[in-house]
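Visitor: Output the structure for:
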Amino acid sequence: MLVHGLEGSSESGYMRGLAERAFAAGWNAVRLNQRNCGGTESLTPTLYNSGLSGDYRAVLIELIERNSLSEIFFVGYSMGGNLVLKMAGELAGAAPRQLRGVAAVCPALELALCVDAVGLPSNFVYQRHFVSDLKNRMRRKAKLFPGKFDLSRMERVRTLREFDDVITATYCGFRDASDYYARSSALEVVGEISVPTLLVTAQDDPFVPFASFSDPAIAKNSYLRLIAPVDGGHCAFISRYGGDDRFWAEARVMEFFKELSTASLDHEEISDARRK
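Guide: So this is what the prediction gives:
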């Protein structure tokens, strides 16, 4: 199960790339669109936000109860990384046995720090891009659901924090942006994660400060494995070398999941037997 980042979709490059790897390995792969993303605005009057971990818990339960899947893995990128980590932390020791592993690539697990990082002058282009896309999405949403959204204050919004104050907090049940960030950050619950979990981040990520990963809750949780190269940017990790490791983060995620999958072990044993 793949979950994209802010203003991404099931068509984002990293989503397609990891899904391709999964299919090549003989796995099923589902690329999830968060609410309103990937052209789904008409499907719900609600908005997506970094606290909706319950959406992914519902998907997990449906896969178990309706599809009878015995091994399920979740991976999220950036905002999606925060969401899958938050889901796993909230499940804590009650996580179903079918949830075999979780991975998060450049997870925005301390939202306030990430939003402040995006607001730095060096990230001006990125902030303008995110805010422009979010505002355009809200205009489309308002046309689909007349009378539901008052966008009069949105036109003055210039930053992600202002957008979250004016839109996210107002329509998602938070007091303000600070309340939203405090209640939705996965860092608050990562210490409770009780399934094998891989964290992949880059120390030079311009949006996700590496300081978040030095939190004692991460160091003390034996279920968490952190890989943090010096370089990699935000959800990039493009190797200078070709081959399977060209897209390095996707390769590490599949490698980690294969380690945990009994189905993969069985498949490899069968393949070895056939070769012999």
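Visitor: Check the offset of the biggest helix by length in the chain from the chain's centre.
Guide: Looking across the chain with DSSP state H, the single longest helix is helix 124-144. Relative to its chain's centre, helix 124-144 lies at 19 Å (Cα atoms, centre = their mean, to the nearest Å).
Visitor: what residues does the helix or strand following it touch?
Guide: Next helix or strand after helix 124-144 toward the C-terminus (DSSP states H and E): helix 160-163. Contact with helix 160-163 is made by 115-116, 118-119, 127, 130-131, 134-135, 154, 156-157, 177, as judged by Cβ atoms under 8 Å, 6 or more residues apart in numbering. No exception for glycine: its C-beta is placed from N, CA and C like everyone else's.
Visitor: So how do I select the buried members of those in PyMOL?
Guide: For the buried members of these, the matching PyMOL selection, counting by 16 or more other Cβ atoms under 10 Å, is:
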select buried, resi 115+118+119+127+130+131+134+154+157+177
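Visitor: For the longest helix of the chain, name the packing helices and strands.
Guide: helix 111-118, helix 160-163 (3 or more Cβ pairs under 8 Å, 6 or more residues apart in numbering; DSSP states H and E).
Visitor: List the contacts of the residue nearest the centre of the chain.
Guide: With distances taken as Cα atoms, centre = their mean, residue 80 lies nearest the centre of the chain, 1.5 Å away. Contact analysis of residue 80 by Cβ under 8 Å, 6+ apart lists 2, 3, 4, 5, 8, 34, 104.
Visitor: what's the neighbour count on the residue nearest to residue 233 when sequence neighbours are not counted?
Guide: Nearest residue to residue 233, sequence neighbours excluded (Cβ to Cβ, 6 or more residues apart in numbering): residue 202, at 5.8 Å. Residue 202 has 22 neighbours, counted by other Cβ atoms under 10 Å.
Visitor: In three-state terms, label residue 202 for me.
Guide: State at residue 202, reduced to three classes by DSSP: H, G, I helix; E, B strand; the rest coil: coil.
Visitor: Now residue 45: phi and psi?
Guide: Main-chain dihedrals, residue 45, degrees, to the nearest 10: phi -80, psi -10.
Visitor: and what of residue 173?
Guide: The phi/psi pair for residue 173 (degrees, to the nearest 10) is phi 80, psi 30.
Visitor: Got the phi and psi for residue 92?
Guide: Dihedral angles (degrees, to the nearest 10) for residue 92: phi 50, psi -130.
Visitor: Would you mark the buried spots in the helix or strand where residue 253 lies?
Guide: In the assignment (DSSP H and E), residue 253 maps to helix 248-260. By neighbour count on 16+ other Cβ under 10 Å, the buried set for helix 248-260 is 248, 249, 250, 251, 252, 253, 254, 256, 257, 258, 260.
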